[in-house]
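Novice: here is my input; please provide its structure:
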Amino acid sequence: MIFFLLPFFIFFLFLLILLPFKFTLDSLINIIYIPGQIYKIATNKKLRKNHSIEHAAVNILEKQYGYRNLAGYAEEDGFYIMGARYPEQVLEAAKIGLNALKSGRADLAIHKRCGTSITAANLISSLLFLILLFITKTFSIFNIIIALIFANAAGPWLGVYLQKYLTTYTDVKDLEITGVRWAGHSQLRSSSKIFVETQSIPYLNR
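Specialist: Residues are numbered from 1 along each chain as shown. Prediction:
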């Protein structure tokens, strides 16, 4: 029995030794990559506006149609919604969300499951782990656990802050929704994306 478990014990020990080194490498990559990604979004007002409408649409879809676990991301010419079954529902939710944002419902631009919150948690865990590594001078599983626990607690708060001030922009009065379509394989709708197209209203941009 002992000999049978020995390979598993060696493998587990191997993971315990290598995991801190991998976490260190991942942390260094996150420290370099994540701020640049946030800056790229923060300086692109079109992207931030569509990000706001995307969140508003997802919030409406979840409240009005009972969807769960929707996902999405914004582009300069619109945004994608993953997990919805009917383009008509997405279009209606997007229009309701856009009108609500224009009426001052800035809260709809925030979504608790936004990827920004995950990014924020990764950034926090990376920063804290590297700080602990610098202070303790040891590659420790304990440091990883502390970093992950703290990131899990603070990540959602920082994610909301980043959404509010850096990755969304709620002044969308100059935008309109021009259409909706399946993106990808519409016959495999469970794995497809729905794209909502937006554009600037010409007379508001003169």
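Novice: any regions of this protein where pLDDT drops low?
Specialist: Residue ranges of the chain with pLDDT under 70: 1-17, 184-191, 203-206.
Novice: can I assume I141 is in contact with L19?
Specialist: Yes. I141 is in contact with L19 according to Cβ atoms under 8 Å; the separation is 6.5 Å. Bear in mind the C-beta positions are built from the backbone N, C-alpha and C, glycine included.
Novice: so how far is Y73 from V58?
Specialist: Look at V58 and Y73: by Cβ to Cβ, to the nearest Å, they are 11 Å apart.
Novice: now do L61
Specialist: Counting by Cβ to Cβ - L61 and Y73 are separated by 15 Å.
Novice: neighbour count for the two, which is higher?
Specialist: L61 (24 against 15; other Cβ atoms under 10 Å).
Novice: does the more buried one sit in a helix, a strand or a coil?
Specialist: Classification of L61 using DSSP: H, G, I helix; E, B strand; the rest coil returns helix.
Novice: look up how far R113 lies from it.
Specialist: Distance, L61 to R113, using Cβ to Cβ: 13 Å.
Novice: swap in G66?
Specialist: In terms of Cβ to Cβ, G66 sits 16 Å off from R113.
Novice: so between these two, which is more surrounded?
Specialist: Each of G66 and R113 has its neighbours counted (other Cβ under 10 Å); R113 has more, 16 against 7.
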